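[1] Return atomic coordinates for the entry below.
(2 chains)
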Amino acid sequence: MNTFYRGPAREPRLSDLLDRWHIDLWLLTLLVVVCCIGLMVLYSASGQSLPMVINQAERMVLGLGLMILVAQAPPEWYRTVAPWLYAFTLLLLALTLALGSTAKGAQRWLDLGVVRFQPSEIMKLAMPMTVAAFLHRRRLPPRLITIAITLALIGIPTALIAVQPDLGTALLIVAAGGFALFFAGFGWRWIFGALIAAAAAAPVLWSRLHDYQRDRIMIFLNPERDPLGAGYHITQSKIAIGSGGLFGKGWLHGTQAKLEFLPEAHTDFIFAVYSEEFGLLGILMLLALYLAIVGRGLYISTRAQDTFQRLLGASLSLTFFIYIFINTGMVIGLMPVVGVPLPLISYGGSAVVNLLICFGMLMSIQTHRKLLSS
Amino acid sequence: MAKRDAIKDLPGEKHTFISRCLFAIIFCIALVTMLLVRLFNLQVLQHDYYTTRADDNRMRVVPVPPVRGLIYDRNGVVLAQNKPSFVLEITPEQVTNLKTTLQELEPLVSITPKDIERFRDRMRKSPRYRGVPLRNNLTMEEVARFEINRYDFHGVDVTAGLNRNYPFGATTSHLVGYVGGINEKELQKIDPDAYQGLTQIGKTGVEKSHEDLLRGTPGSKIIEANAYGRPLRELDYDGGKPGDNLYLTLDMRVQEEAEQAMGDFDGALVAIDPRNGEIIAMVSKPGFDPQLFVDGIDSKTYTSLNEDPDRPLFNRALQGLYPPGSTVKPAMALTGLEYGVVKPDHREFCPGEMTLPNSTHQYHCWKHSGHGLISLPDAITQSCDVFFYKLSLLLGIDRMHESMTQFGLGHLTGVDLPQEKAGLYPSREWKQRTYHQGWYPGETLNTAIGQGYVQVTPIQLAQMTARIAMRGLGFKPHILHAIQAPGSKDLTLVEPQALPPIVMQNPQAWDTVIQAMVNVTSTPHGTGYAMGKTAPYMIAAKTGTAQVAGLNPAFKNRSIADTPYRLRDQALFIAFAPADNPRIAVAAVAEHGSHGSIAGIIVRKVMDMYLLGKVTYQDPAEKNKAAAPAEQTRAPDNTEEQEDEDEHDEPFPDVPAPTPPSTVRP
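    Next up, the predicted model:
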């Protein structure tokens, strides 16, 4: 990535092209590979539904396009836009709560006539941008007042999303904002303090949870308690993964998903399908790919040129990891069932597009570096 | 804000950031390690457990019922078979409008409201993806009509199954029996593994007694089913083992002839091969249609069968208890000779009746005018009661009981058919146990002529006849001739089972008695001359006519299922032939036949069919109405005291030298 001028006459090379289009080859390659794996698993998990695969592929192409588009703008531009985007999304969230439509017992969707979408998805982007932009201008490590404002910035949209209720997204948004704060040097004392406070608040939260949310947690603690009722998901998912073994049953040969024992096989529980068909070795490969993406993201962040870029890049990378951990942890029974998709593999358009836009920002950070650090 | 920017500690910030990044990487690796530990636990350590659970999820073991063995007669005539039957099935899930579908089916196959009711009942109890039978036993025509139009009927199907079928219907109904649905009581007795997938079980006859051979071993198939239980494909198939085919000792030609010869009489006939105990024919009249039970009998039809005064469901050959009457006389004579109380040339004077000392009760001979001085052989031939009264007084009930029991009366023959009754040959001990009374001499007299307490089944009479024919040798009667393993051409023959022989100190006694029995059919004064005189082979026989009710105290305290319902006499006949080389022994009972010779004619036809392959007997009334009226003069039916046998009025002089043809004409 040397941008020094090297001489007048030479053949145009791939790196020139990538530079021109502000593309990070590492990230692009890894993301495309994971997307391809995703389509393959989806084909199996959806009961070999080609239309679903094509539909998902279209969204991936759209996402990749948007990623490259996002990468064209310099990071400074995003820093400027962040507060406005945040304010606008907050407004949409409030609107959603007031007049959004309901699906599966939760009010998450906002119908704008033309498009129906979840404003909380935009908040996943807006949150790390805003916190990073805010902390960029503050003295770091953050002092009490800075921390208080940051927590408010995180807390308000989280509360709006949590009451929809959408625990998974709320969790991811807290993580995105919290990670930015963490990378800014949020004191360890505060972190432990916050954890203890959260533990203390747990009983209060418990009493405020919805019934289905409490069910999920109870079932997480003892999934076999009700194997045909609420614990069915997690029990069947463990059967799928366990029966996959070291090498898996082979692509399209997983019985749990194909015979419909595994619910939500193509969305939240697609990791179980992957584990059944590709086994522990397949999982190791997939996790290695994911970790490479996270690692590349953190690497880009360390080489970033200002606080905003560093905090945004690291937060996005770590949030991406948290996505993976929450989903897989849930599917293998390490965590309660929370509606978080497996990034780039679960069926669903907004998550894919959203994530790829995030990586567009990382590319922007990587490819708009100036000669001299500020 | 600008101020704060100014005092930002940029290198410090970067330093903090990098250390936080390192921490984040450690954090990520720690969490991934957690995941991997968990995954290793699930996928490697507990892999077998979860594999089993996954297979349990998707695999269903479905039993495959075995095909029931066929039943043949000894010549390979099919008596019980499995017929393909077509069932109209509807899969509710695939039918959009059940009501209109049913209406549209109406013109193609006949559907009664009863069918629809049963269909709706079954539909409620089964999953929606499973076919529910609407009509059983579709005719080929109905199948064809439906097949032509089947594209109009999504979700309606014709499936083929096997249905037990009995080509001879009522003729073999008691012997072969039938299969029917397994009921609660049977369900508790059977081994559920042996009946996997089976809904029917042998209920009576051979179908019941040889159920274990006929049934076969169920197989299984493993099918893969999805989470909703819908079967998707077959993973494994094991067809099990079909049941054995059975060849019976029965000769269907003889069986059919017996059935026909019985005509309208209720009663039973049992024919045994005395040389090995094989049952050649076994008829109980009236019969019934066994198919009713296979298809599932409705309670109304069942009640009417069960309450029919002729009791068609009752197998008289094994369960009918009859007083044997005079048919016991040959065995009685043998008993007398064996114990030495009489000599072959012993004579008694028959005045037509006798009284016991200290009693005024008169014991009549059937011939009220008396037989005069009569020898032992003649007493058998002419069936003199007084002779046997006197013989019984010489023997006493104890010796009679011991000997007659050896001949097979009053206990189970052990035939391989279900529900056989033991009957009764009384003894002092039995009387004491049952009535708490001593034995009276008068009862000995009744017993001597096969009346009183004596009750025997037709198969016991046939067995007794066979033993006399074989001069004491005996074989357990049996119906199973050979077993054919599925898919094999070879037959495993069933060995005859010899019984302990009856040994006579003086073997000449056999000759004396058998000759007397030959005279029954071959001399004009013999009680069976009507059936025997035209026979081209020599028949040894004895008639019996038994009064059934009224005087018999046994019926008063025992609600025996077979207590006769009308008061006319029973006609009995026992015979074996050819007398010098016996190949068939027959016992026949024609209920309310009035006199033994009626049963004799039935026996003659059966023997003709077995020995000659065709019936040579012709009813003299039809053959030549004018000829020989004397021979057929019958005493009028008088239902007097003990017994009655029709015969010429005038007594014949002593034993004329028997001059019947001694060999069987081919």
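[2] excluding its backbone neighbours, what's nearest the closest residue to chain B within the stretch 151-300 of chain A?
    Distance from chain B to each residue of the stretch 151-300 of chain A (CB to the nearest CB) is smallest for residue A:242, at 2.5 Å. The C-beta positions use only the backbone N, C-alpha and C, and glycine is treated the same way. Computed as CB to CB, 6 or more residues apart in numbering or on different chains, the closest residue to residue A:242 that is not its neighbour in sequence is residue B:50, at 2.5 Å.
[3] if you go through the stretch 101-250 of chain A in chain order, where are the helices?
    Assigned by DSSP state H, counting those that start in this stretch, the helices in the stretch 101-250 of chain A fall at A:119-136, A:144-162, A:167-183, A:188-208, A:211-221, A:232-244.
[4] Mind giving me the packing neighbours of the longest one?
    Packed against helix A:188-208, as judged by 3 or more CB pairs under 8 Å, 6 or more residues apart in numbering or on different chains; DSSP states H and E, are no other helices or strands.
[5] got the angle for it vs helix A:144-162?
    Here helix A:188-208 runs at an angle of 30 degrees relative to helix A:144-162 (axes from the mean of the first three to the mean of the last three CA atoms, to 10 degrees).
[6] okay, helix A:188-208 in PDB with CA atoms only?
    Written as PDB, here are the backbone C-alpha positions of helix A:188-208 (Å, rounded to 0.1, in the frame of the first residue of the first chain):
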ATOM      1  CA  TRP A 188     -11.100  -0.900  33.800                       C
ATOM      2  CA  ARG A 189     -12.600   0.300  37.100                       C
ATOM      3  CA  TRP A 190     -15.600   1.600  35.200                       C
ATOM      4  CA  ILE A 191     -15.900  -1.600  33.200                       C
ATOM      5  CA  PHE A 192     -16.000  -3.800  36.200                       C
ATOM      6  CA  GLY A 193     -18.300  -1.300  37.900                       C
ATOM      7  CA  ALA A 194     -20.700  -1.500  35.000                       C
ATOM      8  CA  LEU A 195     -20.700  -5.200  35.000                       C
ATOM      9  CA  ILE A 196     -21.500  -5.300  38.700                       C
ATOM     10  CA  ALA A 197     -24.200  -2.800  38.200                       C
ATOM     11  CA  ALA A 198     -25.600  -4.900  35.400                       C
ATOM     12  CA  ALA A 199     -25.600  -7.900  37.700                       C
ATOM     13  CA  ALA A 200     -27.400  -6.000  40.300                       C
ATOM     14  CA  ALA A 201     -29.900  -4.700  37.800                       C
ATOM     15  CA  ALA A 202     -30.500  -8.200  36.500                       C
ATOM     16  CA  PRO A 203     -33.400  -9.000  38.800                       C
ATOM     17  CA  VAL A 204     -35.100  -5.700  37.900                       C
ATOM     18  CA  LEU A 205     -34.600  -6.400  34.200                       C
ATOM     19  CA  TRP A 206     -35.900 -10.000  34.700                       C
ATOM     20  CA  SER A 207     -39.200  -8.700  36.100                       C
ATOM     21  CA  ARG A 208     -39.500  -6.400  33.100                       C
END
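[7] which residues touch it?
    Here helix A:188-208 makes contact (CB atoms under 8 Å, 6 or more residues apart in numbering or on different chains) with A:147, A:182, A:214.
[8] buried residues in it?
    Residues residue A:190 are the ones in helix A:188-208 that count as buried (16 or more other CB atoms under 10 Å in any protein chain shown).
[9] Specify the strand with the largest residue count in chain B.
    For chain B, the longest strand by residue count, based on DSSP state E, is strand B:78-90.
[10] Might you calculate how far it sits from the centre of the chain?
    Relative to its parent chain, strand B:78-90 has a centroid offset of 23 Å by CA atoms, centre = their mean, to the nearest Å.
[11] what's it packed up against?
    Applying 3+ CB pairs under 8 Å, 6+ apart, one finds that strand B:78-90 contacts strand B:71-72, helix B:98-105, strand B:132-135, helix B:140-148, strand B:156-165.
[12] where do the strands sit along the stretch 351-500 of chain B?
    Secondary structure of the stretch 351-500 of chain B (DSSP state E, counting those that start in this stretch): strands at B:353-355, B:362-364, B:372-375, B:474-475, B:480-484, B:491-493, B:498-499.
[13] buried residues in the second one?
    If you call a residue buried by 16+ other CB under 10 Å, then strand B:362-364 has these buried ones: B:363, B:364.
[14] Make sure the residue nearest to residue A:242 is actually in contact with residue A:237.
    No: applying CB atoms under 8 Å, one finds residue B:50 not in contact with residue A:237, separated by 10.6 Å.
[15] ok, residue A:81 - contacts?
    By CB under 8 Å, 6+ apart, the contact set of residue A:81 is residue A:129.
[16] Ignore what I typed, I meant residue A:155.
    By CB under 8 Å, 6+ apart, residue A:155 lies in contact with nothing.
[17] looking at the chain, which helix or strand is least sure?
    Assuming you mean chain A. Of all helical and strand segments in chain A, the minimum by mean pLDDT, DSSP states H and E falls on strand A:101-103, at a mean of 60.
[18] That was the other one, I meant chain B.
    Least confident helix or strand of chain B, by mean pLDDT, DSSP H and E, is helix B:554-557 with a mean of 41.
[19] Next SSE downstream of that one?
    Beyond helix B:554-557 in the direction of the C-terminus, DSSP states H and E gives the next helix or strand as strand B:570-577.
[20] Parallel or antiparallel, which strands does that next one pair with?
    Strand B:570-577 sits in its sheet next to strand B:540-546 (antiparallel), strand B:584-590 (antiparallel), going by DSSP bridges.
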